[in-house]
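Asks: pasting the sequence and the predicted coordinates here, then a few questions.
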Amino acid sequence: MKVLVINGSPHPKGCTDRALREVEESLRAAGVEVERIEVGVKDVRGCIGCNFCREHGRCVFNDIVNETAPKLAEADGMIVGTPVYYAGANGQVLAFLDRLFYSTSLTVDKRMKVGAAVVSSRRAGSTSAFDEINKYFTISAMPIVSSTYWNEVHGFTAEDVEDDKEGLQTMRNLGRNMAFLMKGIRMAAEADGGFPQQERAFFTNFHTE
């Protein structure tokens, strides 16, 4: 089994990285393969709604988004880590997720791939950023992994995060829960002959004359 880990922080050795490393260690201990992608250090522009991806199966901007798409297809789970900026996620990782999820909506079946958000903040704003990331999962039939607290750590530096014992504990439990959930989903799919049926007949725009 494999988990794709997205680091949305522009600081590769910062607080978000420290949290993600704790999750990754738990996943590997449970026999799960982990691949990390550093998005925060990349130049990622936002979606322009051109629908090029609808015809060509890839984003019109050929960058890290298109490089990540086949890796998402192969993964059993996805973790997105972000620092908190003005009570929200890093704009770079949101631009990445907008384009990744939209451009793969017809080409990558995300059903039952488990998702988890991990956030780091100095003081506050973490839960709103947490909610922001989770919405990408809930619109894609991806079960969200929980832990023993919201998936967050606190600190201004990576060294500060070392003192957030509960935060690191939450990360370790998140990794264990994620591994367990992925294995359970695989067993259920094998027993039932696949994933639940997804209806796609209706697309309501709430348009009135």
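Replies: Structure received. Numbering: from 1, shown residues only.
Asks: need the longest helix for this structure.
Replies: If you go by DSSP state H, the chain has its longest helix at helix 165-192.
Asks: and residue 114, what are its bridge partners?
Replies: Beta-bridge partners for residue 114, by DSSP bridges, are residue 77.
Asks: separation between it and residue 32?
Replies: Distance of residue 114 to residue 32, given as Cβ to Cβ, to the nearest Å: 11 Å. Heads up, the C-betas are built off the backbone N, CA and C, glycines and all.
Asks: likewise for residue 144?
Replies: Taken as Cβ to Cβ, the span from residue 144 to residue 32 is 17 Å.
Asks: between those two, who's got more neighbours?
Replies: Using other Cβ atoms under 10 Å as the criterion, residue 144 and residue 32 rank with residue 32 on top: 19 against 14.
Asks: hang on, that one packs against residue 3?
Replies: Yes: Residue 32 lies in contact with residue 3 (Cβ atoms under 8 Å); the separation is 5.7 Å.
Asks: mutual contacts of the two, please.
Replies: Residues touching both residue 32 and residue 3 by Cβ atoms under 8 Å, 6 or more residues apart in numbering: 76, 77, 178, 182.
Asks: most neighbours among those, please name it.
Replies: Among the shared contacts of residue 32 and residue 3, residue 178 has the most neighbours (other Cβ under 10 Å), with 28 neighbours.
Asks: list the buried ones in the longest helix of the chain?
Replies: Neighbour-count burial for helix 165-192, counted by 16 or more other Cβ atoms under 10 Å, picks out 167-168, 170-179, 181-182, 185.
Asks: give me the helices and strands touching that helix, please.
Replies: Helix 165-192 makes packing contacts with helix 15-29, strand 77-85, strand 114-121, strand 152-154, helix 158-162 when contacts are defined by 3 or more Cβ pairs under 8 Å, 6 or more residues apart in numbering; DSSP states H and E.
Asks: again, 6 Å this time
Replies: Applying 3 or more Cβ pairs under 6 Å, 6 or more residues apart in numbering; DSSP states H and E, we find helix 165-192 packed against helix 15-29, strand 114-121.
Asks: check what contacts the last one and list those residues.
Replies: It stands for strand 114-121. For strand 114-121, the external contacting residues (Cβ atoms under 6 Å, 6 or more residues apart in numbering) are 15-16, 19, 77-84, 126, 129-130, 133-134, 137, 142-145, 151-153, 178, 181-182.
Asks: and the next element down the chain from that strand?
Replies: Beyond strand 114-121 in the direction of the C-terminus, DSSP states H and E gives the next helix or strand as helix 126-138.
Asks: same check, this time on the first one
Replies: Counting by DSSP H and E, the next helix or strand C-terminal to helix 15-29 is strand 33-38.
Asks: return the set of buried residues in the following helix or strand past that next one.
Replies: In the C-terminal direction, the helix or strand that comes right after strand 33-38 (DSSP H and E) is helix 52-56. For helix 52-56, burial by neighbour count (16+ other Cβ under 10 Å) applies to residue 53.
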